[in-house]
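1. For reference, the sequence and a predicted model appear below.
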Amino acid sequence: MSQGKIDILDLSVADWKAISQRWAEQASEQALGRADRPCLEVVQACQVLAMFWFAKGETKRTNVHTAIAYRASRLLHLDDANETGWSAHKELGLGCFWACWLTRCASQENSRFPGDCWAEVAGRPLPVDADDVATNSHACYLDQKGAIIYPDRESNVGFSSVLILVQGLWWEVQDFARSIHGSRGTPSDWALQYCILDKKLEGLPIQLPGWDWGSAGRGTTSPTPEEPSRMFSLGYLFELCSLYLHSSVVPVFSCLGQTRILSQPMLQLAAERAWEHSLKLTAMTEHYLSRQSPISKLWPMIGYGAYVCAAVQLRRCLALRLLDEQRLGRARVHLQFTGGLMRYWTTLRPLHEDMERQFAQAQVLSRTQQAGAPASVPARAGDGQSPFDTRDPAFSTELTSSIHAYVADEDVVENSGVATEPRGEYSEMTSKELPQRIPGHPGAVRPDGGYRTTPEREMLDSADRSPGDLPWGAQPPPTQVWWNQDSGSLGEAFGSGSFWPEDLGFLMDIA
């Protein structure tokens, strides 16, 4: 090897880490040097470099490159839908714009949309995948609320379009969580928005009649044979939206530090659904690993989702005194997942280390529970006794998370809480542990003296769930939490120098 050139015989001994670092430094210098003369190549270069720097854990550099890429794409009108006539260059530019938009939607703090994420793209044509181009499929559009507008009956949506819909919903769910944990609005506003988002998530498969969500979740079949990893990642992100939405309103999951915002039956329903989605994520993960599919091709957000899913399961099982070796062993699949992913995404290393600590502490607590709990202590939901009794050591300060944000080590903000996002086919664990269901009672009075809103009644009636006896609204002591979702920690997890572009792993698929 000489003067930066590599002979074919040197490939196996080359220091690719050093070579890639030099390449990225030089490429960044050239791309940023041309930022004031925007062109399509600058947009592409900044997006690719953002992926590189994020994988290296340098989130500040990631933020700079993604911000320039999005601004340049708008200045170049790459999203302009008024031009007539299709061309390869126009299609490439449109794909680059959507890649930039996806990156912004990944982070609430960094999005800075004037209104919501859909207002920026209403009326813009969705990207057309290669298979759709071959079949002369017409591009679909989005309205102001993120619903698909089909130009004709023959129109279909491909992977890229579905990804845009799911990513936009992810932005909306983040925005909802920030509003309740930042006390923006009133409980009635939050209840209404919660029901609207729940309905949108449940209705997305109906919007996409030709899309196989089962395949997306399993990652078994896809438009082309080489795509199982990104199909799995897409299905995972969709489930993460639901898990995060439902857990954000349940104090025992999200550490919501204010008066309960939903009625007791609604909280019970939200807790059930959060648990179900966490189990579905576990089943998806187990299936993916059993097929020995490549972990290196998964998006980095999968590692963060695994971290959250494990935390939700440990917290619930410990609170209900249900944690045993079998459940603890099954939850460790998420630890295995992050361990594999952190080899490719440096940002996941502190998450993995914190998961190891929490699993070790959970094992100690589970043994303490099994050895010290009297036989009369209930261990099942629906027995009429609180699983959050102060005698229960489940909410030990030893389980307070040390992860302050989903960022690289150098960017972790000191003295902050942790924001977590929750998001699941049910396993054999579900049927016996979930509360029994009975028809809802639309006229019931909320425990705080108020009446349920119309959306709440509709949601309960359609779900046919039981209010149950578990006080899911109960809150652990404020100093004894695993991870926090207050407005400050949310800002640290999704902004304030951090960057969380789960879509960076597939920018080249779109652009």
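-> Structure's in. What do you need? Predicted model only: the values in this text are computed from it and were never measured. Numbering: from 1, shown residues only.
2. OK, contacts around Ala274?
-> Ala274 sits next to Leu243, His246, Ser247, Val250, Phe253, Val312, Pro422 when contact means CB atoms under 8 Å, 6 or more residues apart in numbering. Quick note: C-beta positions are derived from backbone N, CA and C, even for glycine.
3. For the second one, give its distance to Ala270.
-> Distance from His246 to Ala270, counting by CB to CB, to the nearest Å: 4 Å.
4. Repeat that for the fifth one.
-> In this view, Phe253 and Ala270 are 9 Å apart by CB to CB.
5. Out of the two, name the residue with the larger neighbour count.
-> Phe253 (29 against 23; other CB atoms under 10 Å).
6. Going by contacts, tell me the helices and strands next to the strand or helix carrying the more buried one.
-> Element membership of Phe253, judged by DSSP states H and E, is helix 251-254. Packing partners of helix 251-254 (3 or more CB pairs under 8 Å, 6 or more residues apart in numbering; DSSP states H and E): helix 228-248, helix 264-290, helix 301-319.
7. want to throw those into a markdown table with distance to Lys145 and mean pLDDT?
-> As requested, these are arranged in a markdown table below (distance: least, CB to CB, whole Å; pLDDT from 0 to 100):
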| stretch | distance to Lys145 | mean pLDDT |
| --- | --- | --- |
| helix 228-248 | 16 | 91 |
| helix 264-290 | 23 | 91 |
| helix 301-319 | 24 | 83 |
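8. among these, which is nearest Val64?
-> Minimum separation from Val64 across those (CB to CB) falls at helix 301-319, 20.8 Å.
9. Tell me the helix or strand right after that closest one.
-> In N-to-C order, the element after helix 301-319 by DSSP H and E is helix 325-341.
10. Give me the helices and strands touching that following helix, please.
-> helix 264-290, helix 301-319, helix 349-372.
11. how far off helix 349-372 does that helix point, in degrees?
-> Helix 325-341 and helix 349-372 are oriented at 170 degrees to each other (axes from the mean of the first three to the mean of the last three CA atoms, to 10 degrees).
12. give me the low-pLDDT residue ranges for this protein?
-> For the chain, the stretches flagged by pLDDT under 70 are 1-13, 81-86, 107-112, 114, 130-138, 153-155, 214-226, 255-260, 370-511.
13. re the thing from before, for the helices and strands packed on helix 325-341, state which one has the densest average packing.
-> Stretch with highest mean neighbour count among those: helix 301-319 (a mean of 26; mean count of other CB atoms under 10 Å).
14. Now render the helices and strands packed on helix 325-341 as TSV, adding distance to Ile180.
-> TSV is the format used below for the helices and strands packed on helix 325-341 (distance: least, CB to CB, whole Å):
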stretch	distance to Ile180
helix 264-290	12
helix 301-319	17
helix 349-372	24
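15. looking at those, which is closest to Ile68?
-> For Ile68, the closest of the helices and strands packed on helix 325-341 is helix 301-319, at 22.5 Å, according to CB to CB.
16. Can I get the closest one in CSV, CA atoms only?
-> Written as CSV, here are the backbone C-alpha positions of helix 301-319 (Å, rounded to 0.1, in the frame of the first residue of the first chain):
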residue,chain,number,x,y,z
MET,A,301,-33.3,2.1,16.0
ILE,A,302,-33.9,-1.6,16.4
GLY,A,303,-31.3,-1.6,19.2
TYR,A,304,-33.0,1.3,20.9
GLY,A,305,-36.3,-0.4,20.6
ALA,A,306,-34.9,-3.6,22.1
TYR,A,307,-33.6,-1.5,25.1
VAL,A,308,-37.1,0.0,25.6
CYS,A,309,-38.9,-3.3,25.1
ALA,A,310,-36.8,-5.0,27.8
ALA,A,311,-37.3,-2.2,30.2
VAL,A,312,-41.1,-2.3,29.8
GLN,A,313,-41.2,-6.1,30.4
LEU,A,314,-38.8,-6.1,33.4
ARG,A,315,-40.8,-3.2,35.0
ARG,A,316,-44.2,-4.9,34.6
CYS,A,317,-43.1,-8.3,35.7
LEU,A,318,-41.2,-7.0,38.7
ALA,A,319,-44.2,-4.8,39.7
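17. Are there helices or strands packed against that helix, and which ones?
-> Against helix 301-319 (3+ CB pairs under 8 Å, 6+ apart) you get helix 228-248, helix 251-254, helix 264-290, helix 325-341, helix 349-372.
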